[in-house]
Every structure is written in structure tokens, then in C-alpha cells.
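Chemist: Got a predicted structure here, sequence first:
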Amino acid sequence: MRTSRTSTLATFFRQRPNQWIDGKVLSEIAGGYAWRTRVSNLRHAPFFMTIENRQRRVRDFVISEYRFLQESTREKPRNASEETSRGSLLF
């Protein structure tokens, strides 16, 4: 069975957690015309990956980079009771 380009891209990201990767590199792996869609698809079922994007300017060019955040490196949302108890300590 042939592996999809989206699955190949997921494997590539998982092998490089927290590492910023240039969009040009991603286009070579996931296809020149559809790589952004495949990155977006990784954020949904069945992958549910956290992929961040940043853009930075180098001279006259804008470089678009992406990175995969593993579960252990993501910020955990606080529940309402933690917020209330934290807030009461400040007053």
C-alpha cells in the first residue's frame, strides 16, 4: 500500500519536533502545489497535530516556517477552578 504525502509529512514533522522547517523543504516532501493544504490537514483527524507557523523577513524576502509541537511541549489550558484560585491569591 502506498503512503500518502500527508502521512509522509506527518512522519517528517514527528522526527523533528519543535524544529522550524522552511516551507520550501516542506514543498519538496508534500508536493509543490498542495503542501500548505497537507500541513493544514495534519491539524485535523486522524493526525490532530499541533503545527505552528511563523514568518520572518530576511532582506527583501519573507520566509514561512512551520514546526510540530509534541504533547509534552504544548501549554496545557487551565481549568476554571485553577484560574479562580490563582486569582484569589493575587487579591
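Modeler: Perfect, I can see it now.

Chemist: Just the helices from this protein, written as ranges.
Modeler: With helices called from DSSP state H, the chain shows them at 5-14, 23-30, 35-41, 80-90.

Chemist: What is the least confident helix or strand in this protein?
Modeler: Ranked by mean pLDDT, DSSP states H and E, the helix or strand of the chain with the weakest confidence is helix 80-90, at a mean of 41.

Chemist: Please report the number of neighbouring residues for residue 14.
Modeler: Around residue 14 there are 13 other residues, counting by other Cβ atoms under 10 Å. From N, CA and C alone the C-beta is placed, and that goes for glycine too.

Chemist: oh, I was asking about residue 41
Modeler: Other residues near residue 41 come to 20 when the count uses other Cβ under 10 Å.

Chemist: Please apply the same query to the one 10 residues further on.
Modeler: The criterion is other Cβ under 10 Å. On that basis, residue 51 has 18 neighbouring residues.

Chemist: so how far is residue 59 from it?
Modeler: As for residue 51, its distance to residue 59 is 26 Å (criterion: Cβ to Cβ, to the nearest Å).
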